[in-house]
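Colleague: coords please:
(2 chains)
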Amino acid sequence: GENVEQHPSTLSVQEGDSAVIKCTYSDSASNYFPWYKQELGKRPQLIIDIRSNVGEKKDQRIAVTLNKTAKHFSLHITETQPEDSAVYFCAAPSGGSYIPTFGRGTSLIVHP
Amino acid sequence: NAGVTQTPKFQVLKTGQSMTLQCAQDMNHEYMSWYRQDPGMGLRLIHYSVGAGITDQGEVPNGYNVSRSTTEDFPLRLLSAAPSQTSVYFCASSYTSGSSYEQYFGPGTRLTVT
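Modeller: This is a model prediction of the structure:
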């Protein structure tokens, strides 16, 4: 099955700085890579995703990049704000299915 | 649309007791899955279903059973609760659009086994 590694486990930044979270995956057949945000006590929610035929995707202050050769993808958040503080999860589909394997999560803390 | 609903929100069990966590979705999604979330471990897949009558095991299936008799409902049964099953449980459903899909999560059930 798919193995997803996510780093770092904790990331602390000052408001206005950029934050980068990186994930690697093992299954070269994986073709869809979503990112979820989970605020404290709430459910995970999709914030951005990327398909394997695209190298980068942006949505306002967040962007995701994908390197299929190296089998890694990253989440970039620019001009961080305190409300960006949350746990972020990357995911990749398992064995060609539509059921994702999640990384262990990154706790992002944005200090005002 | 209510989306994905889960009951109960909180539950305390004694070791050896059994119970069923309920999950329902009203979006006509084919795929449904159960995850458990433990600190530092992310979301680990317990069981999943690709349609009514079809279920399969995920990464951590031991101690849990599922069934999918309708598209809407996907209950998770704990057969004999153990303290190691103390966790937050999320049910999710998803549709597929080409190669992409989005998981819609329920609000979660916080389970404590004493």
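Colleague: Lowest-scoring secondary structure element of the chain by mean pLDDT?
Modeller: In the absence of a named chain, chain A is used. Ranking every helix and strand in chain A by mean pLDDT, DSSP states H and E puts strand A:100-102 at the bottom, with a mean of 91.
Colleague: meant chain B, my bad for not saying
Modeller: Using mean pLDDT, DSSP H and E, the lowest element in chain B is strand B:100-105, with a mean of 86.
Colleague: if I pick A:A19, what's in contact with it?
Modeller: Contacts for A:A19 (CB atoms under 8 Å, 6 or more residues apart in numbering or on different chains) come out as A:11, A:13, A:76-77, A:80, A:84, A:108, A:110. (Each C-beta comes from the backbone N, C-alpha and C, glycine too.)
Colleague: Can you tell me the closest non-neighbouring residue to B:S69?
Modeller: B:A52 (6.7 Å; CB to CB, 6 or more residues apart in numbering or on different chains).
Colleague: right, and the one you found touches B:R68 too?
Modeller: Yes. Contact status for B:A52 versus B:R68: in contact at 5.4 Å, counting by CB atoms under 8 Å.
Colleague: So between the two, which is more surrounded?
Modeller: Neighbours were counted for B:A52 and for B:R68 using other CB atoms under 10 Å in any protein chain shown; B:R68 has more, 19 against 16.
Colleague: Now for that one: which residues touch it?
Modeller: Contacts of B:R68 (CB under 8 Å, 6+ apart): B:32, B:49, B:51-55, B:74.
Colleague: and it, how far is that from B:R44?
Modeller: 20 Å (CB to CB, to the nearest Å).
Colleague: How about B:C91?
Modeller: B:C91 is 14 Å from B:R44, by CB to CB.
Colleague: For those two, indicate the residue with more neighbours.
Modeller: The neighbour count for B:C91 versus B:R44, taken as other CB under 10 Å, is higher for B:C91 (27 against 17).
Colleague: This completes my enquiry, with thanks.
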